[in-house]
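Colleague: one predicted model, sequence on top.
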Amino acid sequence: MPVCCAWTHTVRHFWELSRGRDTSLLSCPHATPQWRCMSFLVAGRRVMSVKPCAVPTQVTCKATLTDLQKEILFNDDVIAINQDITPQGRPIVTGNASLWARFLSDDSVAVAFYNENDVAINVHLDFSSLAKMDPLPVPSAATWSATTKATVRDLWAHTDGAAVTGGYPAGDATLAVQPHEAKLFRFTKTA
């Protein structure tokens, strides 16, 4: 079977979804009779044309990633949070999407400061609010309080900050979060 048709069996459901919308699909003599050979590639929400099956050639794709995409996709600190076995993160306060927390298997907590607005906001995390999440995501969440001391790691900048007590930023300070920006930190309790 030519390379251009070898993958039709794994993605043939796309043909069913696109039937009648794309007349460039050609019959492929090498595919099973009930399926037409794919003449397009589905990538995300875009449909990109490729060579029709009548000319058996290998379809190749070359990924082009920007530096920002590489920074996001290959960030080991963020991948570690994503791959942790604990429940997914959720808003710390129900109805407020500016602070999200995910408790991790090593008893640290990842907190995202998120701004969905079109203007900058100032946000402060009180560690005691982690203990008030309803329901508590993990039992260790109840141990975070106004006297909890923790180290801070900025996961986008890959830098460790000074230890803080009771919240972040230290004291009554706030963190400026620009429109549609997310800042991600990992807090680890100190003895």
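Modeller: Arrived safely, thanks for sending.

Colleague: residues near the closest residue to L125 other than its chain neighbours, how many?
Modeller: Ranked by Cβ to Cβ, 6 or more residues apart in numbering and with sequence neighbours excluded, the top spatial neighbour of L125 is Y168, at 4.8 Å. Backbone N, C-alpha and C define where each C-beta goes, glycine included. Other residues near Y168 come to 22 when the count uses other Cβ atoms under 10 Å.

Colleague: try L184
Modeller: Applying other Cβ under 10 Å, we find 19 residues neighbouring L184.

Colleague: got phi/psi on it?
Modeller: phi -130, psi 130 (degrees, to the nearest 10).

Colleague: quick one, what contacts it?
Modeller: For L184, the contacting residues are 78, 81, 110-113, 154-156, by Cβ atoms under 8 Å, 6 or more residues apart in numbering.

Colleague: again, 6 Å this time
Modeller: 112, 155-156 (Cβ atoms under 6 Å, 6 or more residues apart in numbering).

Colleague: leaving out sequence neighbours, find the closest residue to it.
Modeller: Leaving aside its sequence neighbours, L184 sits nearest to L155 (Cβ to Cβ, 6+ apart; 4.3 Å).

Colleague: these two touch, right, the one you found and D76?
Modeller: No. Applying Cβ atoms under 6 Å, one finds L155 not in contact with D76, separated by 9.3 Å.

Colleague: so P87, which state does it fall into?
Modeller: coil (DSSP: H, G, I helix; E, B strand; the rest coil).

Colleague: gap between it and F74?
Modeller: Distance, P87 to F74, by Cβ to Cβ, to the nearest Å: 25 Å.

Colleague: what of T190?
Modeller: Noted for T190: a distance of 29 Å to F74, by Cβ to Cβ.

Colleague: which residues in this protein form strands?
Modeller: Using DSSP state E, the strands of the chain run over 40-43, 46-49, 90-93, 96-103, 109-114, 121-123, 125-126, 149-154, 159-165, 167-168, 175-177, 182-189.

Colleague: make a markdown table from those and add mean pLDDT and distance to T66 to it.
Modeller: Listed next are the strands of the chain as a markdown table, based on pLDDT from 0 to 100; distance: least, Cβ to Cβ, whole Å:
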| stretch | mean pLDDT | distance to T66 |
| --- | --- | --- |
| strand 40-43 | 46 | 16 |
| strand 46-49 | 48 | 17 |
| strand 90-93 | 93 | 30 |
| strand 96-103 | 94 | 25 |
| strand 109-114 | 96 | 22 |
| strand 121-123 | 95 | 27 |
| strand 125-126 | 96 | 30 |
| strand 149-154 | 97 | 21 |
| strand 159-165 | 94 | 22 |
| strand 167-168 | 96 | 30 |
| strand 175-177 | 95 | 22 |
| strand 182-189 | 96 | 17 |
